[in-house]
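>>> Curious how this folds, go ahead:
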Amino acid sequence: MELFYGIFNILWGDFIRIPLPGGNTLGISLLVLILIPSGIYFTIRSRFLPFRLFPEMIRVVTEKKEKGKHGAISGVQALIVSTATRVGMGNLVGVVAAISAGGAGAVFWMWLIALLGSSTAFVEATLAQLYKEKDPLYGGYRGGPAYYIHYLFKKKRGGKKSVIACLFAISGLICWCGISQVIGNSVSSAFDNAFAMPPLVTTILLVALAAVIVLRKNATVRVLDIMVPVMAVFYLLITLFIIVTNLGALPGVFKRIFEEAFGIRQAVAGGIGAVIMNGAKRGLFSNEAGSGSAPCAAAAAESSHPAKVGLLQALGVFIDTLVICSCTAMIMLLTPESMTAGQEGMGLLQTAMEYHMGSVGGIFIALILWLFSFSTFIGILFYARPNIAYLFGDNWLSQTLYKILALVMLFIGGLAAYSFVWDLGDFGVGLMTIFNMIALFPMAPQAMKALKDYEQQRKKRKTEKEA
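This next block holds a predicted model:
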């Protein structure tokens, strides 16, 4: 545990401290020092892709679905798989954790991480497409950071495995075990609050249903194709209704977000560091940009151009943080502070929803959290596939054993009541980000070259149509 928390503190603790007026200091973690500057760098290199090409992202997601080979998924299906994990735990549990620990200002830093992270998401997803390979077990394609990291370090020296690629894959498997625990913990807590259902009963039912689906060979994408759009749209509509019925309070909410984001209310107590760190941590946990998770889904897509998949994944960051995460934040921040004072975790969100919708609000959150969590669990096991194959080769034994391990962690998390379940997920995602970023910087020019080629092809086709 000492070794675990020693590494954890290097990743998420105060790597450097900046003096502030009044004798306070601002602590900045190693990951924030990496993610924010890299997001700025990729945004500039791509000529402000998140803003300039947002209409193209929408066009790509609405164009006619490309038919793939047997076992392959489309770019939109890859977006759905990655959105399943983004529009899942991070959007409910992650936002609640950010606001519980960092206050309303943490929401601003989640927004900032998302805007910068969409460029990073484009780079890693495009690279995953460029270095994907055929999947002999599941059919279609596989890939992700482990595969493009392997190419980066082994293209000259040769060899069967890259140490950095192996470390990334191991970190990912640790992270997804941690997220499995968070899922079990959050669902059992929410059902206890809403229905007074004992955590053991909730957890057994959750694990049993998850096992029926994930132990099958290839049910993942088919299940998520149905679940994700339905649950995301339903949650969005309910939240928009709450926002519309509280329009008068909205200016005050935005004022509070910006005041707390820049430490106006926290300056005296020196709490701005907690605001930034919790916003950044939960922002990364939610949108995954830079961590290398989503490229594991992006690599499985069959597309006419690698940059198209990159644009779809960049759009996924927008959907996740700027839309769904903001909805969750508004539900909580449109609730009087006196009602939520002293509360944290899912109890805070359920109290907020009960304020807006009555007793049915807590039940709604429990059910929507169950759906979001379930989709997240299925999604992370899809992410695990190529990493298990990289580490242990193409065999069903290793794939099945990891699924069983994840189910065990889901069960343990449902009965746990301590912060270690969060810390394990943060530990894994932090290490993944470090190893992923080692490859992203030297390989980014390839993604930019693909983007330039895609834009030239689009311009040429437009010119031909006009002629």
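
>>> Now do the contacts for the residue lying closest to residue 333 once chain neighbours are set aside.
Closest residue to residue 333 apart from its sequence neighbours, by C-beta to C-beta, 6 or more residues apart in numbering: residue 253 at 4.6 Å. Yep, even glycine has a C-beta here, placed from its N, CA and C like the rest. By C-beta atoms under 8 Å, 6 or more residues apart in numbering, the residues touching residue 253 are 104, 330, 333-334.

>>> any idea how far residue 375 is from residue 128?
21 Å (C-beta to C-beta, to the nearest Å).

>>> what do you get for residue 393?
Separation of residue 393 from residue 128 (C-beta to C-beta) stands at 20 Å.

>>> the more surrounded of these two?
Using other C-beta atoms under 10 Å, the more surrounded residue of residue 393 and residue 128 is residue 128, with 33 against 10.

>>> that older thread, secondary structure element holding the residue nearest to residue 333?
Element membership for residue 253 (DSSP states H and E) is helix 250-261.

>>> what comes up buried for that helix?
By 16 or more other C-beta atoms under 10 Å, the buried positions in helix 250-261 come out as 253, 256-257, 259-261.

>>> Export that helix to PDB, keeping only CA atoms.
Taking C-alpha atoms only, helix 250-261 is exported to PDB below (Å, rounded to 0.1, in the frame of the first residue of the first chain):
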ATOM      1  CA  LEU A 250     -29.100  29.500 -14.100                       C
ATOM      2  CA  PRO A 251     -27.100  32.800 -14.100                       C
ATOM      3  CA  GLY A 252     -26.400  32.300 -10.400                       C
ATOM      4  CA  VAL A 253     -25.100  28.800 -11.100                       C
ATOM      5  CA  PHE A 254     -22.700  30.000 -13.800                       C
ATOM      6  CA  LYS A 255     -21.500  32.800 -11.500                       C
ATOM      7  CA  ARG A 256     -20.800  30.300  -8.800                       C
ATOM      8  CA  ILE A 257     -18.900  28.000 -11.200                       C
ATOM      9  CA  PHE A 258     -16.600  30.800 -12.400                       C
ATOM     10  CA  GLU A 259     -16.100  32.300  -9.000                       C
ATOM     11  CA  GLU A 260     -15.100  29.000  -7.400                       C
ATOM     12  CA  ALA A 261     -13.000  28.000 -10.500                       C
END
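
>>> Can you get me the centre-to-centre distance for that helix and its chain?
25 Å (C-alpha atoms, centre = their mean, to the nearest Å).

>>> quick check: mean pLDDT across stretch 1-10?
Here stretch 1-10 scores 80 as its mean pLDDT.

>>> Contacts for that stretch, please.
Counting by C-beta under 8 Å, 6+ apart, 30, 423, 426-427, 430-431 sit against stretch 1-10.

>>> Quick check: the farthest pair among those residues?
The distance between the two most remote of those (C-beta to C-beta) is 15.7 Å, for 30 and 423.

>>> Now do the helices in the stretch 351-467 of the chain.
Taking DSSP state H, counting those that start in this stretch, the helices of the stretch 351-467 of the chain run over residues 359-392, 396-415, 420-466.

>>> Tell me which of the ones you listed sits most buried.
Ranked by average neighbour count under the criterion mean count of other C-beta atoms under 10 Å, those are headed by helix 359-392 at a mean of 22.

>>> Which helix or strand lies directly C-terminal to the strand or helix carrying residue 111?
Per DSSP H and E, residue 111 falls inside helix 105-130. Going down the chain from helix 105-130, the next helix or strand is strand 133-134, by DSSP H and E.

>>> Quickly run through the sheet partners of that next one, with directions.
strand 141-142 (antiparallel) (DSSP bridges).
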